[in-house]
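Undergrad: coords please:
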Amino acid sequence: MSDFTIFAFMRILRFLYTAWAIFWFVSLFLILFPFFWLFLQKETWKPKAHYLNRLWGKLYFPIIGMPINIKYEAEIDVNKTYVFCANHFSYLDIAVMGLVIKNYYAFVGKAGLKKVPLFGYMFRKLHIQVDRNDKHSRSVSLTRSLKALKNGRSIIIFPEGGIKAKHPPKLHLPLKDGGFVMAINQQIPIVPITFLNNFQILEDGKYLLKPKAVKVIVHKPIETKGMTSNDVEALKEKFKEVVQGTLDITHQTQSIFQESIS
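TA: Just a heads-up that it's a prediction; the model follows:
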């Protein structure tokens with residue numbers, strides 16, 4: 001069998017797997033949407049809608065045969081408030097996050113998501129949208145995020161400002177200030193999260209999934225007590241050291257292993 005034939009066969013398999021994954025992605029959301037809609041009608045019911053997000057993930061990933069391997073370096077108290085900051089190399093990151101974090105949280109995500117049929121309605125009602133090209137939108141999203149934190153709701157944010165890493169696994173710099181400003185303002189910990197291989201499962205600009213396990217590390221919280229606005233850059237540097245350091249060690253090890261067997 002020629003290399004071209006093997007390549008074509010593997011691509012067909014990936015296409016079929018991706019179609020299967022999309023079918024269940026949409027089907028499960030449609031099944032749960034009436035309950036999403038109901039629980040989003042009152043502020044006090046929104047935690048139930050939040051739980052539905054987690055339930056969707058618990059059902060979806062086993063159905064498509066994609067294990068989620070999560071390593072927690074420290075216990076994350078579900079009753080405490082944090083700012084969770086993660087690298088963002090793939091659209092898969094958002095879907096996986098619901099299984100990674102058990103706390104009640106709000107995503108800070110791009111405003112364009114609210115235009116997606118049905119999903120956009122849920123996202124608009126449950127999470128926080130921001131147009132990073134609009135100064136007013138950035139200000140409003142920061143105000144809403146601080147209000148959520150004051151009310152005991154954690155925030156999840158991708159400080160790279162979107163999927164912009166041209167050469168994964170490198171963080172896109174400079175990191176946005178928002179999440180770090182929030183944490184210092186409220187004197188609550190930053191929790192770095194590293195998605196080790198999502199960019200390999202769903203590559204940026206490509207839409208065919210690879211059926212392999214997702215690997216995630218939730219790192220030890222970084223305390224911000226005593227920090228001021230003057231410490232934003234130092235806090236960003238600590239986050240970068242943790243996440244980029246983990247990516248470097250992981251992928252350098254993989255490269256050495258692949259070279260040794262080639």
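Undergrad: by contact count, what packs against the helix or strand bottoming out on mean pLDDT in the chain?
TA: Ranking every helix and strand in the chain by mean pLDDT, DSSP states H and E puts helix 232-261 at the bottom, with a mean of 83. If you count contacts as 3 or more Cβ pairs under 8 Å, 6 or more residues apart in numbering; DSSP states H and E, helix 232-261 packs onto helix 178-186, strand 190-195. Bear in mind the C-beta positions are built from the backbone N, C-alpha and C, glycine included.
Undergrad: can you give me the angle the last one makes with helix 232-261?
TA: Here strand 190-195 runs at an angle of 20 degrees relative to helix 232-261 (axes from the mean of the first three to the mean of the last three Cα atoms, to 10 degrees).
Undergrad: Quick one: residues in contact with strand 190-195.
TA: Residues outside strand 190-195 that contact it (Cβ atoms under 8 Å, 6 or more residues apart in numbering) are 76, 82-90, 92-93, 96, 100, 179-180, 183, 214-219, 221-222, 224, 235, 238-239, 242-243, 246-247.
Undergrad: Trp24 and Arg54, how far apart?
TA: Counting by Cβ to Cβ, to the nearest Å, the separation of Trp24 from Arg54 is 16 Å.
Undergrad: Sorry, slip of the keys, the one I care about is Asp248.
TA: Asp248 sits at a distance of 31 Å from Arg54 (criterion: Cβ to Cβ).
Undergrad: Then Leu92?
TA: Going from Leu92 to Arg54 by Cβ to Cβ gives 16 Å.
Undergrad: Then His172?
TA: Between His172 and Arg54 the distance is 28 Å, computed by Cβ to Cβ.
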